[in-house]
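Asks: quick one: sequence and predicted model below, then my questions.
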Amino acid sequence: MTTEKPTMIEFRDVQKYYGDYHALRGITATIRAGEFFSLLGPSGCGKTTLLRTIAGFEDISSGAVLIDGKHMDGVPANKRPTNMVFQSYAIFPHLTVAENVGFGLRRDPRPASEKAKAVAEALEMVGLKGYGARAAHALSGGQRQRVALARALILKPKVLLLDEPLSALDKKMREQMQMELIKLQRQVGITFILVTHDQEEALVMSDRIAVMFEGQIAQLADPETLYRRPNSRQVADFIGTMNFLPAKILSENGVVEVEAQGFGRLTLAADQVMGSKTTEGTSIGFRPETATILFDGQVATDRETLATIEEVVYYGDMTYYDVRLDGTEKPMRLSMRNVFGRPVLDIGTRTRVGWSPGALVLFR
Ligand SMILES: Nc1ncnc2c1ncn2[C@@H]1O[C@H](COP(=O)(O)OP(=O)(O)OP(=O)(O)O)[C@@H](O)[C@H]1O
């Protein structure tokens with residue numbers, strides 16, 4: 001039985017020009033109700049523009065944006081069931097925390113006592129219970145961001161739009177807020193749409209991610225699929241690290257026979273063969289953690305190849321090794337979790353590398 005959630009946002013061939021500049025080039029996608037969805041891509045790819053077309057801050061040149069089944073053409077921002085949290089937290093420093101959060105309710109006809117209750121609830125939701133009387137200017141960056149969130153949530157939007165909300169925070173605070181945002185989203189159950197250029201943030205937080213380049217969606221999938229089965233070298237490079245080795249297709253019928261530098265002759269299943277977009281020629285890709293250095297006495301679970309260690313980067317919990325597989329022209333990065341009692345190997349060490357054809361992806 002499928003329990004797919006209903007559609008909340010639908011883009012139908014959305015095009016956007018700024019003068020001559022083609023910022024959105026035919027966006028067609030759906031975002032489901034209750035989903036934590038991210039728009040991920042490098043600077044200038046159009047993700048903020050796409051978010052703003054949902055909010056109604058940006059007109060589209062052609063195509064359609066639907067929210068909850070309704071065409072948004074001509075519907076002004078303040079009549080849409082959406083609310084935006086910005087990267088620079090637009091809070092009023094001269095007001096208290098409670099006044100900031102209650103700001104959106106100023107035209108709400110409910111009695112003051114009810115509004116105060118709603119404010120208190122919103123503050124509790126974002127972990128600021130009891131902060132209502134504080135002066136907003138005295139808050140930390142993380143606390144300001146929470147106030148901005150509470151102010152958006154109190155209006156009970158169907159969709160919360162988040163434009164790089166955590167980018168101004170330091171690493172620790174950002175990771176903490178990521179966890180809190182995930183919890184908050186599960187708790188309130190509304191659709192969250194996050195714009196980020198940080199691939200790790202998108203992987204950690206999202207149910208699904210649209211990876212954008214140059215005004216187009218290159219791939220839309222759940223985090224695991226994006227990571228394990230990127231549909232192009234461009235996506236693979238943008239999300240995490242991937243090693244590439246030249247390869248040649250020998251034959252195809254159901255399965256694909258390839259000859260790959262370093263790996264020799266391989267048989268790959270159809271779902272390991274990606275797209276037709278690469279301009280770099282056919283290549284085999286693998287993630288740094290999918291191959292492993294075999295220490296003395298360790299036996300390969302699948303295949304093994306001899307290699308030389310060319311670079312060692314020690315990270316405490318991990319060591320990154322750049323190894324050159326015999327028969328290849330450039331080193332590949334491997335990441336190894338450090339285990340107590342096992343040495344970190346030196347540059348120049350000859351070693352065996354264990355790998356598995358199932359972890360490889362072919363880009364043609
Ligand atoms: N108001 C505007 N007028 C003209 N060009 C614009 C306007 N807004 C955005 N652009 C251009 O459209 C492209 C997409 O911008 P957008 O802000 O959507 O990118 P982005 O992916 O969100 O990047 P960033 O992470 O840097 O914000 C950019 O090249 C940008 O310069």
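Replies: Arrived safely, thanks for sending. Fair warning: this is a prediction, and the values are worked out from it, not measured in the lab.

Asks: let me know the distance separating the residue at the greatest distance from the centre of the chain from residue 105.
Replies: With distances taken as Cα atoms, centre = their mean, the residue sitting farthest from the centre of the chain turns out to be residue 111, at 41.6 Å. Separation of residue 111 from residue 105 (Cβ to Cβ, to the nearest Å): 11 Å. Any C-beta I mention is one placed from the backbone N, CA and C, and that applies to glycine too.

Asks: what does this protein put close to the ligand?
Replies: For the chain, the residues in contact with the ligand (Cβ under 6 Å from any ligand atom) are 18, 21, 23, 41, 43, 44, 45, 46, 47, 48, 49, 197.

Asks: now list the buried members of those.
Replies: Applying 16 or more other Cβ atoms under 10 Å to the residues of the chain next to the ligand, the neighbour count classes 23, 41, 45, 46, 47, 48, 49, 197 as buried.

Asks: pretty sure the fifth one is touching residue 40, no?
Replies: Yes: counting by Cβ atoms under 8 Å, residue 47 does reach residue 40; the two are 7.1 Å apart.

Asks: which neighbours do the two have in common?
Replies: By the contact definition Cβ atoms under 8 Å, 6 or more residues apart in numbering, residue 47 and residue 40 are jointly contacted by 197, 212.

Asks: circling back: from the ligand, how far out is the residue farthest from the centre of the chain?
Replies: According to Cβ to the nearest ligand atom, to the nearest Å, residue 111 stands 41 Å off from the ligand.

Asks: tell me the confidence at that residue?
Replies: Looking at residue 111, its pLDDT is 91.

Asks: and the residue of the stretch 151-300 of the chain found nearest the ligand, what does it touch?
Replies: Per Cβ to the nearest ligand atom, residue 197 is where the stretch 151-300 of the chain lies closest to the ligand, at 5.1 Å. By Cβ under 8 Å, 6+ apart, the contact set of residue 197 is 40, 41, 42, 43, 47, 164.

Asks: same question, residue 33
Replies: Applying Cβ under 8 Å, 6+ apart, the residues near residue 33 are 5, 6, 7, 8, 68, 158, 191.

Asks: where does pLDDT dip in the stretch 251-364 of the chain?
Replies: 276-280 (pLDDT under 70).

Asks: correction: the previous question concerned the stretch 1-150 of the chain.
Replies: For the stretch 1-150 of the chain, residues meeting the criterion pLDDT under 70 lie at 1-3, 87-89.

Asks: go with 80
Replies: Along the stretch 1-150 of the chain, the parts satisfying pLDDT under 80 run over 1-4, 86-90.

Asks: show me the strands in it, by range?
Replies: Using DSSP state E, counting those that start in this stretch, the strands of the stretch 1-150 of the chain run over residues 7-18, 21-32, 36-40, 62-67, 70-71, 82-85.

Asks: and the stretch 151-300 of the chain, by the same measure?
Replies: Along the stretch 151-300 of the chain, counting by DSSP E, counting those that start in this stretch, strands occupy 159-163, 191-196, 208-213, 216-221, 243-253, 255-260, 264-268, 273-274, 283-286, 292-294.

Asks: distance to residue 85 and mean neighbour count for those - can I get that in CSV?
Replies: Output for the strands of the stretch 151-300 of the chain, formatted as CSV (distance: least, Cβ to Cβ, whole Å; neighbours: other Cβ atoms under 10 Å):
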stretch, distance to residue 85, mean neighbour count
strand 159-163, 5, 24
strand 191-196, 9, 25
strand 208-213, 19, 24
strand 216-221, 23, 20
strand 243-253, 37, 16
strand 255-260, 45, 18
strand 264-268, 43, 14
strand 273-274, 35, 20
strand 283-286, 36, 23
strand 292-294, 42, 19
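
Asks: need those strands in CSV with distance to residue 129, can you?
Replies: As requested, the strands of the stretch 151-300 of the chain are exported to CSV (distance: least, Cβ to Cβ, whole Å):
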stretch, distance to residue 129
strand 159-163, 20
strand 191-196, 22
strand 208-213, 32
strand 216-221, 38
strand 243-253, 48
strand 255-260, 57
strand 264-268, 54
strand 273-274, 48
strand 283-286, 48
strand 292-294, 47
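
Asks: other residues contacting stretch 255-271?
Replies: By Cβ under 8 Å, 6+ apart, the list of residues contacting stretch 255-271 reads 229, 245-251, 254, 272-273, 282, 284, 303, 305, 325-329, 332, 355, 357, 360, 362.

Asks: please apply the same query to stretch 48-67.
Replies: 7-17, 23-24, 26-27, 39, 71-73, 75-82, 84, 158-159, 161, 163, 193, 195, 212.

Asks: cool, thanks, signing off.
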